[in-house]
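In: Got a predicted structure plus its sequence, pasted below:
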Amino acid sequence: VILSAMENMITFQEYTQKIQTCRLPRFDELPDMELYADQVIQYLNPLLSVLQFDEHEDQITPSMINNYVRMKLLPPAHKKRYDRRHIAYLTAISIYKQLYSIDHIRSMILFQNEMFDISVSYDYFCTELENALHSTFRSDPAMPKDTTATNREERVFVRASCLAFSWQLKAEKYLQYKSR
(Lines give C-alpha, C1' and ligand atoms only; values in the text may rest on other atoms or scores of the structure.)
Protein backbone atom coordinates (compact mmCIF):
# COMPACT_ATOMS: atom_id res chain seq x y z
CA VAL A 1 0.00 0.00 0.00
CA ILE A 2 2.79 2.41 0.87
CA LEU A 3 4.52 1.72 -2.44
CA SER A 4 1.39 2.43 -4.50
CA ALA A 5 0.83 5.69 -2.62
CA MET A 6 4.43 6.67 -3.32
CA GLU A 7 3.98 5.84 -7.01
CA ASN A 8 1.01 8.24 -7.18
CA MET A 9 3.07 11.14 -5.87
CA ILE A 10 4.37 13.47 -8.49
CA THR A 11 7.56 15.46 -8.21
CA PHE A 12 7.84 19.23 -8.09
CA GLN A 13 9.18 19.15 -11.65
CA GLU A 14 6.13 17.17 -12.81
CA TYR A 15 3.86 19.65 -11.04
CA THR A 16 5.72 22.49 -12.76
CA GLN A 17 5.05 20.83 -16.12
CA LYS A 18 1.33 20.65 -15.27
CA ILE A 19 1.34 24.38 -14.49
CA GLN A 20 3.11 25.15 -17.76
CA THR A 21 0.17 23.64 -19.66
CA CYS A 22 -2.51 25.05 -17.36
CA ARG A 23 -5.23 26.90 -19.26
CA LEU A 24 -8.51 28.24 -17.89
CA PRO A 25 -11.53 28.34 -20.18
CA ARG A 26 -12.44 31.79 -21.39
CA PHE A 27 -15.89 33.25 -20.74
CA ASP A 28 -17.34 32.07 -24.07
CA GLU A 29 -15.96 28.58 -23.41
CA LEU A 30 -17.72 28.18 -20.05
CA PRO A 31 -20.84 25.99 -20.01
CA ASP A 32 -23.60 27.66 -21.99
CA MET A 33 -26.43 26.16 -19.94
CA GLU A 34 -27.63 26.73 -16.43
CA LEU A 35 -26.28 24.22 -13.92
CA TYR A 36 -27.25 23.14 -10.44
CA ALA A 37 -24.74 23.77 -7.66
CA ASP A 38 -23.49 20.17 -7.64
CA GLN A 39 -22.87 20.35 -11.40
CA VAL A 40 -20.96 23.62 -11.01
CA ILE A 41 -18.82 21.96 -8.34
CA GLN A 42 -18.22 18.89 -10.55
CA TYR A 43 -17.13 21.23 -13.34
CA LEU A 44 -14.92 23.59 -11.32
CA ASN A 45 -13.12 21.44 -8.75
CA PRO A 46 -11.19 19.29 -11.26
CA LEU A 47 -10.42 22.37 -13.35
CA LEU A 48 -9.03 24.28 -10.37
CA SER A 49 -7.41 21.39 -8.48
CA VAL A 50 -3.93 22.10 -9.84
CA LEU A 51 -4.20 25.65 -8.42
CA GLN A 52 -4.92 24.69 -4.81
CA PHE A 53 -2.40 25.46 -2.07
CA ASP A 54 -3.79 22.51 -0.10
CA GLU A 55 -4.46 19.61 -2.43
CA HIS A 56 -6.67 17.94 0.20
CA GLU A 57 -9.27 20.72 0.19
CA ASP A 58 -12.06 21.27 -2.32
CA GLN A 59 -11.91 24.60 -4.10
CA ILE A 60 -15.70 24.95 -4.11
CA THR A 61 -18.37 23.35 -1.91
CA PRO A 62 -22.17 23.85 -1.79
CA SER A 63 -21.88 25.78 1.49
CA MET A 64 -19.24 28.07 -0.05
CA ILE A 65 -21.55 28.88 -2.95
CA ASN A 66 -24.40 29.66 -0.54
CA ASN A 67 -22.12 31.81 1.60
CA TYR A 68 -20.75 33.71 -1.41
CA VAL A 69 -24.32 34.54 -2.46
CA ARG A 70 -25.23 35.58 1.08
CA MET A 71 -22.10 37.76 1.29
CA LYS A 72 -22.92 39.29 -2.12
CA LEU A 73 -19.77 38.01 -3.80
CA LEU A 74 -21.90 36.03 -6.19
CA PRO A 75 -25.28 36.91 -7.75
CA PRO A 76 -28.15 34.68 -6.58
CA ALA A 77 -29.00 31.61 -8.63
CA HIS A 78 -31.99 31.70 -10.97
CA LYS A 79 -34.34 28.90 -9.89
CA LYS A 80 -31.42 27.13 -8.17
CA ARG A 81 -29.39 27.20 -11.37
CA TYR A 82 -26.10 28.93 -12.08
CA ASP A 83 -24.83 30.26 -15.40
CA ARG A 84 -21.43 31.10 -16.86
CA ARG A 85 -21.31 34.39 -14.93
CA HIS A 86 -21.44 32.42 -11.68
CA ILE A 87 -18.72 30.06 -12.90
CA ALA A 88 -16.51 33.01 -13.85
CA TYR A 89 -16.99 34.61 -10.42
CA LEU A 90 -16.37 31.32 -8.62
CA THR A 91 -13.16 30.76 -10.58
CA ALA A 92 -11.79 34.17 -9.60
CA ILE A 93 -13.01 33.84 -6.01
CA SER A 94 -11.37 30.43 -5.63
CA ILE A 95 -8.00 31.93 -6.60
CA TYR A 96 -8.35 35.19 -4.68
CA LYS A 97 -9.60 33.51 -1.48
CA GLN A 98 -6.19 31.90 -1.11
CA LEU A 99 -4.69 35.41 -0.81
CA TYR A 100 -7.31 37.85 0.41
CA SER A 101 -10.16 38.32 2.85
CA ILE A 102 -13.73 38.07 1.61
CA ASP A 103 -14.19 41.83 2.07
CA HIS A 104 -11.15 42.50 -0.08
CA ILE A 105 -12.42 40.12 -2.79
CA ARG A 106 -15.86 41.78 -2.72
CA SER A 107 -14.25 45.19 -3.25
CA MET A 108 -12.17 43.85 -6.13
CA ILE A 109 -15.21 42.33 -7.83
CA LEU A 110 -17.31 45.47 -7.39
CA PHE A 111 -14.49 47.62 -8.72
CA GLN A 112 -14.04 45.40 -11.78
CA ASN A 113 -17.80 45.32 -12.42
CA GLU A 114 -17.89 49.12 -12.49
CA MET A 115 -15.16 49.24 -15.12
CA PHE A 116 -15.73 46.24 -17.39
CA ASP A 117 -18.25 43.67 -18.56
CA ILE A 118 -17.76 40.35 -16.76
CA SER A 119 -16.61 38.61 -19.94
CA VAL A 120 -13.82 41.17 -20.43
CA SER A 121 -12.66 41.18 -16.81
CA TYR A 122 -12.82 37.37 -16.51
CA ASP A 123 -10.87 36.79 -19.74
CA TYR A 124 -8.23 39.32 -18.64
CA PHE A 125 -8.00 37.59 -15.25
CA CYS A 126 -7.52 34.18 -16.95
CA THR A 127 -4.84 35.47 -19.32
CA GLU A 128 -2.94 37.29 -16.58
CA LEU A 129 -3.14 34.31 -14.23
CA GLU A 130 -1.88 31.90 -16.89
CA ASN A 131 0.95 34.26 -17.87
CA ALA A 132 1.92 34.72 -14.20
CA LEU A 133 1.88 30.97 -13.56
CA HIS A 134 3.80 30.11 -16.72
CA SER A 135 6.49 32.71 -16.05
CA THR A 136 6.77 31.99 -12.31
CA PHE A 137 7.16 28.25 -12.79
CA ARG A 138 9.83 28.55 -15.46
CA SER A 139 13.37 27.64 -14.49
CA ASP A 140 14.34 31.27 -15.16
CA PRO A 141 11.30 33.31 -14.00
CA ALA A 142 10.71 36.64 -15.72
CA MET A 143 8.01 39.28 -15.45
CA PRO A 144 5.23 38.39 -17.90
CA LYS A 145 4.03 40.91 -20.47
CA ASP A 146 0.91 42.91 -19.50
CA THR A 147 -1.92 41.82 -21.79
CA THR A 148 -4.35 44.64 -21.13
CA ALA A 149 -6.02 46.20 -24.13
CA THR A 150 -7.09 49.35 -22.28
CA ASN A 151 -3.88 50.16 -20.40
CA ARG A 152 -6.07 51.47 -17.55
CA GLU A 153 -4.57 51.87 -14.12
CA GLU A 154 -7.26 49.57 -12.70
CA ARG A 155 -5.54 46.53 -14.23
CA VAL A 156 -2.82 46.74 -11.56
CA PHE A 157 -4.69 44.85 -8.84
CA VAL A 158 -5.60 41.96 -11.15
CA ARG A 159 -2.07 41.70 -12.44
CA ALA A 160 -0.45 42.08 -9.01
CA SER A 161 -2.86 39.55 -7.49
CA CYS A 162 -2.14 36.99 -10.21
CA LEU A 163 1.60 37.43 -9.74
CA ALA A 164 1.29 37.23 -5.93
CA PHE A 165 -0.82 34.08 -6.24
CA SER A 166 1.58 32.39 -8.64
CA TRP A 167 4.63 33.07 -6.46
CA GLN A 168 2.85 31.94 -3.30
CA LEU A 169 1.63 28.80 -5.08
CA LYS A 170 5.18 28.04 -6.19
CA ALA A 171 6.51 28.46 -2.64
CA GLU A 172 3.69 26.35 -1.14
CA LYS A 173 4.08 23.57 -3.68
CA TYR A 174 7.86 23.58 -3.41
CA LEU A 175 7.62 23.10 0.35
CA GLN A 176 4.94 20.39 -0.01
CA TYR A 177 6.91 18.40 -2.55
CA LYS A 178 10.27 18.77 -0.80
CA SER A 179 8.85 17.73 2.59
CA ARG A 180 7.46 14.43 1.26
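Out: Cool, got the structure. Numbering: from 1, shown residues only.

In: Which positions within stretch 30-45 qualify as buried?
Out: 30, 34-35, 37, 40-41, 43-45 (16 or more other C-beta atoms under 10 Å). Where you see a C-beta, it was placed from the backbone N, CA and C, and this is true even at glycine.

In: Kindly apply the preceding question to stretch 82-90 instead.
Out: For stretch 82-90, by 16+ other C-beta under 10 Å, it's 82-84, 86-90.

In: got it, and stretch 48-65?
Out: 48, 51-52, 59-60, 64-65.

In: Looking at those residues, which one is closest to residue 164?
Out: residue 51 (13.4 Å; C-beta to C-beta).

In: I'd assumed residue 22 was in contact with the closest one.
Out: Yes. With contacts counted by C-beta atoms under 8 Å, residue 51 reaches residue 22, the gap being 7.4 Å.

In: joint contacts of the two?
Out: residue 133 (C-beta atoms under 8 Å, 6 or more residues apart in numbering).

In: Same list, the buried residues of stretch 30-45, but as a markdown table with pLDDT please.
Out: Formatted as a markdown table, the buried residues of stretch 30-45 follow (pLDDT from 0 to 100):
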| residue | pLDDT |
| --- | --- |
| 30 | 97 |
| 34 | 96 |
| 35 | 97 |
| 37 | 96 |
| 40 | 97 |
| 41 | 96 |
| 43 | 96 |
| 44 | 96 |
| 45 | 94 |
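
In: Kindly reformat those as a markdown table containing distance to residue 10 and secondary structure.
Out: Formatted as a markdown table, those follow (distance: C-beta to C-beta, whole Å; DSSP: H, G, I helix; E, B strand; the rest coil):
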| residue | distance to residue 10 | secondary structure |
| --- | --- | --- |
| 30 | 28 | coil |
| 34 | 36 | coil |
| 35 | 30 | strand |
| 37 | 30 | helix |
| 40 | 27 | helix |
| 41 | 24 | helix |
| 43 | 23 | helix |
| 44 | 22 | helix |
| 45 | 18 | helix |
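
In: check contacts around residue 72.
Out: Residue 72 sits next to residue 106 when contact means C-beta under 8 Å, 6+ apart.

In: All set now, cheers.
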